[in-house]
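Chemist: okay, here's the prediction I keep looking at, along with the sequence it came from:
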Amino acid sequence: MEANKKWVAGWGAATSYTSYGLSDKIENTTCRYVIIPTMNTKKIRLHFSNLLGNEAVEIAAVSVAQNIDAVNVEANTITPVTFGGGRRLVMSAHQVDAVSDEIDFEVTADKKICVSIYFDKPTDRTTGHSNGGNFIQKIYVRGNYTDTASIPLEKYADGCAYFFLNTIDFLCDEDHSAIVAFGDSITARPWPDMVNRHLNTDANGKHAVIRRAIGGNRVLREYSCIMKRTYGPAGIKRFEQDVCKTAGVSAVVVLEGINDLWHPRPNNPFSGVDELPTAEEVIEGYRYYVKKAHEYGIKIYFATLLPCYPLETQYEGKIERFDALNEWIRTNTEADGYVDFEKSVEDPNMPRHMTLDFDSGDHLHPSYNGSKAMALTAYEALKAFGEV
């Protein structure tokens, strides 16, 4: 490594299940992922994981390139990614982390790049992440296009998942850092990407917000049912790997706990009322996050849970638990501070309700405008904490 430089995660996604079935495969397919960086570098490395796979995984080729429009990349920038000097990566079943060689590749903040990954053999596609949204673009095509600038329009499709790839590290100056946004489906929405837009516009290119969010995720529990396993490992199981072991992390913003209260109900066969935790049990999960973050020298900021009025009607005692969690988040002296998302999206005339324009329509998830309001709140808080 160069003198006075360090590795900092410049992009990332959580590691979870990407399929319901036991034998979902991908074969003779190139996945091309568009990445929007917020820092500059001339050297990168890529992390892959087969954590949740029950069999070995083989990736035939990986490349990076400057993006034109996802279907097209700049031909003269296509750069092979190598592993121990070769193009092919083999990961064993349940392998937590596989890291590429250091790759000479110039990245400029806010200038998109593409990562292309080719699978030649039938490959179990269990591990990865399925985030989508306004700032995420992923395309898939039959054949090997890792070293090809253009993909024929009639041959590709979009959507689906990030298979195996979960982090890209940038070699940066010592004053650069990553901030992890850790949570569930509300954080899987665009607010972390919008904080990155603020960083690109207002900050000095020294920070990146890394989204480690899984829809349906809970602090304390996970689902054993195969149809629900995409909700991911429990937060307390994934926090250390997804946050603390990410390169160059200075802080984490945690927005999680609503699903611990939301999911359990009498008519839910996968999560009955017996799984409804007390507020103190969830708070003990929060304390675990604090302990782990501080062990690694990482600042931790909890975000208040968003108003979601149906909680009051779902099951007796839920709203009291909700209030107790937000009260602890606002008043505890164990974490390093808090971000008040509840107040940023709450209707001032209707307590416990999101402002209509900030509500996606399900009274739980924020709309695009709600995510914008959250992002501004988070960015201002991070500035006040001295993180950006």
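Modeler: Great, that's in hand.
Chemist: which residues touch R287?
Modeler: Going by C-beta atoms under 8 Å, 6 or more residues apart in numbering, R287 touches E334. All C-beta spots, glycine's among them, are computed from the backbone N, C-alpha and C.
Chemist: so which strand or helix has it?
Modeler: helix 279-295 (DSSP states H and E).
Chemist: distance between that helix and the chain's centre?
Modeler: Centroid separation for helix 279-295 versus its chain: 20 Å, with C-alpha atoms, centre = their mean, to the nearest Å.
Chemist: got the buried residues for that helix?
Modeler: For helix 279-295, burial by neighbour count (16 or more other C-beta atoms under 10 Å) applies to A279, V282, I283, G285, Y286, Y288, Y289, V290, K292, A293.
Chemist: and these, which is closest to Q241?
Modeler: Of all the buried residues of helix 279-295, Q241 sits closest to K292, with 10.3 Å by C-beta to C-beta.
Chemist: that closest one touches V243, doesn't it?
Modeler: Yes - K292 lies in contact with V243 (C-beta atoms under 8 Å); the separation is 7.5 Å.
Chemist: quick one: the helices in the chain?
Modeler: Secondary structure of the chain (DSSP state H): helices at 191-202, 235-239, 258-262, 279-295, 311-314, 318-331, 341-345, 368-384.
Chemist: ok, of those helices, where does mean pLDDT dip lowest?
Modeler: Of all the helices of the chain, the minimum mean pLDDT falls on helix 311-314 (a mean of 66).
Chemist: before we move on, back to that, could you dump the helices of the chain to CSV with distance to I26?
Modeler: Formatted as CSV, those follow (distance: least, C-beta to C-beta, whole Å):
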stretch, distance to I26
helix 191-202, 26
helix 235-239, 23
helix 258-262, 29
helix 279-295, 33
helix 311-314, 38
helix 318-331, 39
helix 341-345, 36
helix 368-384, 30
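Chemist: can you get me a residue count around A251?
Modeler: 23 (other C-beta atoms under 10 Å).
Chemist: going forward, begin numbering at 31 instead of 1
Modeler: That works, and once the first residue is 31, the last one we named lands at A281.
Chemist: who's it bridged to?
Modeler: Here A281 sits in beta bridges with I209, K329, as judged by DSSP bridges.
Chemist: would you reformat the buried residues of helix 309-325 as CSV and include distance to Y148?
Modeler: Converted to CSV, the buried residues of helix 309-325 look like this (distance: C-beta to C-beta, whole Å):
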residue, distance to Y148
A309, 48
V312, 43
I313, 46
G315, 40
Y316, 42
Y318, 39
Y319, 37
V320, 42
K322, 36
A323, 37
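Chemist: which one of the residues you listed is nearest to W37?
Modeler: Nearest to W37 among the buried residues of helix 309-325: A323, at 19.0 Å, using C-beta to C-beta.
Chemist: that closest one touches V273, doesn't it?
Modeler: Yes - counting by C-beta under 8 Å, V273 is a contact partner of A323 at 6.8 Å.
Chemist: overlap in contacts of those two?
Modeler: V282.
Chemist: what about the protein, any weak spots by pLDDT?
Modeler: 31, 50-53, 232-233, 342-344 (pLDDT under 70).
Chemist: residue furthest from the geometric center of it?
Modeler: N379 (33.1 Å; C-alpha atoms, centre = their mean).
Chemist: from H393, how far out is that one?
Modeler: Using C-beta to C-beta, to the nearest Å, one gets 16 Å for the distance from N379 to H393.
Chemist: and the helices of the chain, which is most packed in?
Modeler: helix 288-292 (a mean of 24; mean count of other C-beta atoms under 10 Å).
Chemist: mind listing the strands for the stretch 131-280 of the chain?
Modeler: Here the stretch 131-280 of the chain has its strands, by DSSP state E, counting those that start in this stretch, at 133-137, 143-149, 153-154, 157-159, 167-172, 186-188, 192-193, 195-203, 207-213, 237-243, 279-285.
Chemist: just want the angle from the second one to strand 133-137.
Modeler: Comparing the axes of strand 143-149 and strand 133-137 via axes from the mean of the first three to the mean of the last three C-alpha atoms, to 10 degrees yields an angle of 140 degrees.
Chemist: strand 143-149 to strand 167-172, inter-axis angle?
Modeler: Using the same axes, to 10 degrees, the direction of strand 143-149 lies 30 degrees away from that of strand 167-172.
Chemist: residues of strand 143-149 that come out buried?
Modeler: In strand 143-149, counting by 16+ other C-beta under 10 Å, buried: I143, C144, V145, S146, I147, Y148, F149.
Chemist: same list (those residues) but as TSV, adding distance to K168.
Modeler: Putting these into TSV (distance: C-beta to C-beta, whole Å) gives the following:
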residue	distance to K168
I143	13
C144	10
V145	10
S146	11
I147	11
Y148	14
F149	14
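Chemist: out of these, who's nearest K413?
Modeler: Set against K413, the nearest of the buried residues of strand 143-149 by C-beta to C-beta is I143 (27.0 Å).
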